[in-house]
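J.: Have a look at this prediction, sequence included:
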Amino acid sequence: MKKAGLALLTLVCLSVGTIALAQSTSMGIGGVAEKVTSNVANIAKLITAASYVAGMAFVVGAIVKFKAHKDNPTQIPIGTPIALLFVGAALIFAPTVFKVSGQTLFGASGQVAGVSGITTFGAPVAK
């Protein structure tokens, strides 16, 4: 009985959400493509922010592990905090590496296709 009620609630929420989305995106295929393009840009920003936060978390974890190694060297091997430090540094610098790699591969003349035509690689997305 409980599962049936939960399934009914899920179906109602899904239906209401679908109807609301259909009413707000009644612009056709072009509108859908524009929404997808803007969402991809936001996902890239989310991944960049998550990379910075995870990198800082790994660096803080490395500092804690260095302290634990100092307190009890037989329990925590020195390789653990060093590995955490390198992973944290890699995550912090990953967005910069991706941007520089894109500019190296495509240069200033690199272009990508978009909904509104062709734009320069790395240029801000016009809304």
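T.: On my side now, so go ahead.
J.: where do the helices sit along this structure?
T.: Read by DSSP state H, the chain holds these helices, from start to end of the chain: 2-24, 29-71, 79-106.
J.: Could you give the backbone dihedrals for Ile76?
T.: phi -110, psi 110 (degrees, to the nearest 10).
J.: ok, how many other residues are close to it?
T.: 17 (other C-beta atoms under 10 Å). Yep, even glycine has a C-beta here, placed from its N, CA and C like the rest.
J.: cool, Gly88 as well?
T.: Gly88, neighbours per other C-beta under 10 Å, totals 20.
J.: Quick check: chain neighbours aside, which residue is closest to it?
T.: Nearest residue to Gly88 in three dimensions, chain neighbours excluded: Phe58, at 3.2 Å (C-beta to C-beta, 6 or more residues apart in numbering).
J.: just to revisit the earlier point, could the helices of the chain go into CSV alongside mean pLDDT?
T.: CSV is the format used below for the helices of the chain (pLDDT from 0 to 100):
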stretch, mean pLDDT
helix 2-24, 74
helix 29-71, 85
helix 79-106, 88
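J.: Need the contact partners of stretch 56-64.
T.: Residues outside stretch 56-64 that contact it (C-beta atoms under 8 Å, 6 or more residues apart in numbering) are 81-82, 84-85, 87-89, 91-92.
J.: any idea how far Met1 is from the residue most central in space within the chain?
T.: Central residue of the chain (C-alpha atoms, centre = their mean): Ile47, 1.6 Å from the mean position. For Ile47, the distance to Met1 equals 42 Å [C-beta to C-beta, to the nearest Å].
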